[in-house]
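# starting from these lines, generate the structure:
(2 chains, ligands or ions: 1)
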Amino acid sequence: MTDVTERVDRQAEPLPPDLGPVALARWAWRQLTSMRTALILLFLLALAAVPGSVVPQEGVDPQRVARWKTDHASLTPIYEKLGLFDVYASPWFAAIYVLLTISLVGCILPRTKVYWRAARAQPPSAPRRLERLPEHRVFEVPDDEGTFLERARRVVGKDFGYRVRGDDAAGVVSAERGYMREAGNLIFHLAILVVLVGFAWGALLGFKGGVIVVTGDGFSNSVSQYDDFDPGALFSAGSLKPFTVDVKKFDVRFITKGRGAGSAQKFVADLGVRSSPTAAETDTRIRVNKPLNVDGTKVFLIGHGYAPHITVRDGEGNVVTPKSTVFLPESADFRSFGVVKAADALPEQIGLEGEFYPTYAFTQATGPFSAYPDAKNPAISMLAYEGDLGLDSGDPQSVYSLDKKGLKPIRDADGKPLRIDLPMGATKQLPDGLGSVTFDGLSRFVRLQVSSTPGTGVALGGTILALIGLCGSLFIRPRRVWLRTRREGDRTIVTLAGLDRSSGGDLAGALDRLQRELDPAAATAGTSGEREEST
Amino acid sequence: MSHDQFEVLSNQAVAACAFVYFLVFLSHLAAWVTRPREVAAATPAAVSTGTAGGVAVADPPAQDTVGGGSDRADLWKRIAVSLTVVAAVIHLLALVTRGLAADPVRVPWSNMYEFTLTATWVVVALFLVTYKRFKLAWLAPVLSVFVLVVLMVDVLFLYEPVVPLRDALQSPWLVIHVLAAITATGAFTMGGICSALYLVKDRSQTKHGTARGWLASIPSLDALDRLAYRWHAFSFPVWTFAALIAGPIWAEYAWGRYWGWDPKEVWAFITWVVYAGYLHARATAGWKGRRAAIVALVGLATLWFNFVGINFFFGAGSQHSYAAELIVRSVGG
Ligand code: HEM
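Reported below is the predicted structural model:
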C-alpha cells in the first residue's frame, strides 16, 4: 500500500560479521521489530490458533475434553504435554503473541517519533521538473502570476484542505494532505495493545461459574454454590459480590405445530434478587440474550431441563430423598438422565439410575423414548440398586452418576434387575421390604451462568478505537501536489502535478478536480478527463 | 400468501435467478465470440500503457477504446449487464420471500443455505454497484460462472427447509453481526477473485511472455493487484467490525462471554489475522504482487472454511453450529 514512503518500515538485514554483544543485541532488536518478522509472527499466530479448533478445549467444553481423553488414551499424555487441551493459555501460544506484542511496541515507538516530527513539518518543496511526474497537467490561465498564485494557495489550502508550504520559492506552490493516515495506523496498532490489556484483565481477574437451580430454590454467589467454577489466574474469592438469586418461576414455550414443532422459544425466568443477604428483594426477569446484571456480575439463562420429584421411602416408611432431583437432558426431545441417592435409607442405602421422559412413548423397535420436549406425559424408567453408595469413602462423587462398586441391582420376583417404570403420580413397592419409590410431581430447573469479566469496556473501547484508526489508515490518502507558473509572453502557463503516497487513490481525478477550480477553461469545458500531456 | 407458499416462491426464484445467471454467462460468451479480432491483438499494448501514473484501474481496452468495429459484441455485453440486473432482482426476491416464509417473519440468514444465498447476492450487488467506477466489465463472465456454481452447490448440498429462529438468534445484534459478516464475505470474495486472476495471469505471462486469449483482455497485473487491494481494504474493517465487535457483543448477551475461543470464533480470528498479514505483505518489500495474492487466497479459504467447514466438521463442538439446539447442548454438555 505504500508506493512512495518515508516511513520507518525497517527491513530485516543480514547478520553482519563479528559483532560485539551490544551490536548483536541491536541487530536482534532490529530483526524482531522488522516488518517481515511481524508478518511471520502474524502467520504463526494464525497457524497456532488452528489446533484449538480441532482438539476439544478445557475452557470451552470440559465434558468433551474428558470424553476425548477416554477415547484416545494413548494420545492424551502427549497432547497434555503440548498443552493442546488449553491452546490459548499454553506457553507456545503465549510466546507468539508476546513476541508479536514486543515487535509491535518496538515498531510503534520509533514510528511515533518519526510521525511526531513529520506531522509538524512543512510540505516538501516542489521537484525541479514537475513534467517528469507521471501525473501532471499543463494549462493556461488568464490571470497574471501573482493573482493566480494567491488564488491557487487559497484554493489548495482552504477549499481542498491541503497544508501549504509557507516559504515556497517564487512561482511555486507546494502542498500536502493526509497526515492523519499515519496517525490512524499508529492508533490502530496502539489500540491492539489496549485490547490485549482489556482481554488479559478479564482473563486474569474474572470468573465464570455455572449453577443449576430448580424452580423454587435459589443460590448465593459464593464459590461453593457453583456446579462448575472457572476462575481467572489472579481471581480472589473475596471479590465475589454477595448477592443471592431465587428462581421463582420458569416458562418455556414449545412450538406445537408447523415446521419448528418441538423446538422451544421464549425462555423466561422470574427471579428474586438481593444484592446482599440483608438487602430487600427485587423481582426481575431474565431470558436468553437478556441477562441480569448485579453490580457488574452478570447472570445468564443458558439452559433448562426437568427435575422430577422422586420420593423414596425406606423399609421403615421414612422419606429419605430430597423433594426433587435434577435430570440432565440428553437430546432435543429432553429425554434426560439422572440418579437418585437415598443415603439415609434403612436397612440398606438405595440408588436409582435411569431416564426421564417428558412425553413418554414406547415402541418395540425403539424402546421408551420422548415424543415431545414439553411435559405432556411425564414418566421415569429407572433401575434400582441396594448396598453402599460409596458416599463415605471421602472421594468426591458426581451427583449425576452412581458409583456401583458397593451396589447390587435389586431384583424382581423373576430374578431380573428391577425396572421402575412410573408415570407421574404412581408408586412402586420395592421387594424384600426395602421400601417404595413414588414419582410425585415435576419441577423445571434452569441452568444459570454467572460471570464477571472486568476490562470488557477497555477491550471494547480498544476494538472501536482500532477500527477508527484502521479506517483512517486505509482510507486517508496522503497526497502531495505542486504548482509552478511560468510566463510565456503575456500568457501564464501553469504546471500542476501530484504524487500519491499510497496506492489505490484516484490521483488523476483529484488533479482534475483541482484543475477545474483553478483553470476556468477546464471548468467551462466541463471535461474531467481532458489532460494535456505535452508542452 | 401463506408461509409455505412464500417458501415455494423463494425456491422457484432461486431456480429462476440461477437460470438467468446462466443466460448472463451465455451472453458474455456471445460477446467474446463476436469480439472484433484486431482489438484482441491490440490489447496487450493498450493494457501496459494503461498502468502508467496513479490511475486506479487500467481501462480494459476492449470496451471504450474501440467502439466502432464491435457493435455486436457491445450489444451482447449490454444484454449481459441487463440480465445481471434482472438476475439480481430475482435473487433478492428469493431472499425476501425466504424471510417471509418463516413464522414469525425474520431475516433470511439463520443457516448455511440462507447465508450462502445472501452472500452470493451481496457479491452480485457489490459487482453491480462498482461496475462503472472500477470498470468491471471484464470481470462479469468469471463472476456469473462463480455465482452460478455457488448457487448450485447451495441448493444441492446445503438446502434446509425454513424453520423459526432460535431464541439465542433473536437479537438485533444478529442482524448487525451477520449483515456485516455477509458484506465482508462478499467483498473478500470479490477481492479473492481478483487475486486469483492475478495469479493466473501472472503464471500465463511468465510462461508465454505475454498473456494470451481472454487473459489478455483483463487488466494488467498491477491494476489487478490494486483492485484486489481495494476490495480487501474495504472488507477488512467490515470484517473487523463483524467478527471482533458485533460478534463479541452479541456473544456477551447470549452466552455471557464476549470471546470464548469457540471454533467459529477461532476461525474468524484466524481469518482476521491472515488478512492483516495480507495488508502487511503488500507493505513489505518482496511480498507485493504474487505472494500477497497467495496470502489473500489463504485468507479467503479460511473465511469460507469457517462458515461451511466448521458446521460440517465441528458441528456439535461449536456453539455457533446452526443445527444443534444451543440451549439443550449447553445443559447436557
Ligand atoms: C498484532 C499484530 C498486528 C496486526 C493485527 C496488524 C495489523 C495491521 C493492519 C491491518 C495494517 C493495515 C493498515 C494499513 O494498510 O495501513 C497494518 C499496517 C502496518 N503495520 Fe501492522 N499489525 C500488527 C503488528 C505490526 C507490527 C509488529 C509492526 C511492526 C513491525 C507493524 C507495522 C505495520 C506498518 C508499518 C504498517 C503500515 C503499512 C503501510 O501502511 O504501508 N504491524 N498492520
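# B:V122 - how many residues pack around it?
18 (other C-beta atoms under 10 Å in any protein chain shown). The way it works is simple: take the backbone N, C-alpha and C, and place the C-beta from them, glycine included.
# surely it is in a helix?
Yes - assessed by DSSP: H, G, I helix; E, B strand; the rest coil, B:V122 belongs to a helix.
# and it, what is it in contact with?
Taking C-beta atoms under 8 Å, 6 or more residues apart in numbering or on different chains, we find B:V122 in contact with B:I182, B:T183, B:T185, B:G186, B:A187.
# got it, and B:A246?
Here B:A246 is in contact with B:W173, B:I176, B:H177, B:A180 (C-beta under 8 Å, 6+ apart).
# next, give phi and psi for it.
For B:A246, the backbone dihedrals (degrees, to the nearest 10) come out as phi -70, psi -40.
# how close does it sit to A:D314?
57 Å (C-beta to C-beta, to the nearest Å).
# quick check: closest non-adjacent residue to A:L130.
In space, and not counting its chain neighbours, A:L130 is closest to A:A497: 3.9 Å by C-beta to C-beta, 6 or more residues apart in numbering or on different chains.
# the residue of the stretch 201-350 of chain A found nearest the ligand: what's it in contact with?
Nearest to the ligand in the stretch 201-350 of chain A, going by C-beta to the nearest ligand atom, is A:A203, at a distance of 17.1 Å. Residues in contact with A:A203, defined by C-beta under 8 Å, 6+ apart, are A:G232, A:A233.
# let's see it at 6 Å
Applying C-beta atoms under 6 Å, 6 or more residues apart in numbering or on different chains, one finds that A:A203 lies in contact with A:G232.
# element containing it?
helix A:180-205 (DSSP states H and E).
# next SSE downstream of that helix?
Counting by DSSP H and E, the element after helix A:180-205 in chain order, helix or strand, is strand A:207-214.
# quick one: mean pLDDT over the next helix or strand after that next one.
Per DSSP H and E, the first helix or strand lying C-terminal to strand A:207-214 is strand A:218-220. Averaging pLDDT along strand A:218-220 yields 90.
# ditto for stretch B:264-281
Mean predicted confidence for stretch B:264-281 is 93.
# pull stretch B:287-298 out as PDB, backbone CA atoms only.
This file holds the C-alpha atoms of stretch B:287-298, laid out as PDB (Å, rounded to 0.1, in the frame of the first residue of the first chain):
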ATOM      1  CA  TRP B 287       5.900  -9.600  -0.800                       C
ATOM      2  CA  LYS B 288       3.900  -7.400  -3.200                       C
ATOM      3  CA  GLY B 289       2.100  -9.000  -6.000                       C
ATOM      4  CA  ARG B 290       2.200 -12.700  -6.200                       C
ATOM      5  CA  ARG B 291       2.900 -13.500  -2.600                       C
ATOM      6  CA  ALA B 292       0.300 -11.000  -1.300                       C
ATOM      7  CA  ALA B 293      -2.200 -12.600  -3.700                       C
ATOM      8  CA  ILE B 294      -1.400 -16.000  -2.300                       C
ATOM      9  CA  VAL B 295      -1.900 -14.700   1.200                       C
ATOM     10  CA  ALA B 296      -5.300 -13.200   0.100                       C
ATOM     11  CA  LEU B 297      -6.400 -16.600  -1.200                       C
ATOM     12  CA  VAL B 298      -5.400 -18.300   2.000                       C
END
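# burial check on residue 210, number of neighbours?
I'll assume chain A. Count around A:G210 with other C-beta under 10 Å applied: 20.
# wrong one, I was asking about chain B
So B:T210, with other C-beta under 10 Å, has 14 neighbours.
# cool, and B:G213?
For B:G213, the count of nearby residues is 10 (other C-beta under 10 Å).
# contacts only, for the residue nearest to A:L130.
Per C-beta under 6 Å, 6+ apart, neighbours of A:A497: A:L130, A:L133, A:H136, A:W482.
# closest to A:D412 among those residues?
Checking the contacts of A:A497 against A:D412 by C-beta to C-beta gives A:L133 as the nearest, at 98.8 Å.
# got the contact list for the closest one?
A:A497.
# hang on, A:E386 packs against A:R411?
No - look at A:E386 against A:R411 with C-beta atoms under 6 Å: they stay out of range, at 9.8 Å.
# who has more neighbours out of those two?
Higher neighbour count among A:E386 and A:R411: A:E386, with 24 against 14, using other C-beta under 10 Å.
# residues from the stretch 251-400 of chain A in reach of chain B?
Selection of the stretch 251-400 of chain A residues close to chain B by C-beta under 6 Å from any C-beta of the partner chain yields A:259-260, A:265, A:267, A:288-289, A:298, A:300, A:302-303, A:305, A:328-330, A:332.
# buried subset of those?
Buried subset of those (neighbour count, 16 or more other C-beta atoms under 10 Å in any protein chain shown): A:259-260, A:265, A:267, A:288-289, A:298, A:300, A:302-303, A:305, A:328-330, A:332.
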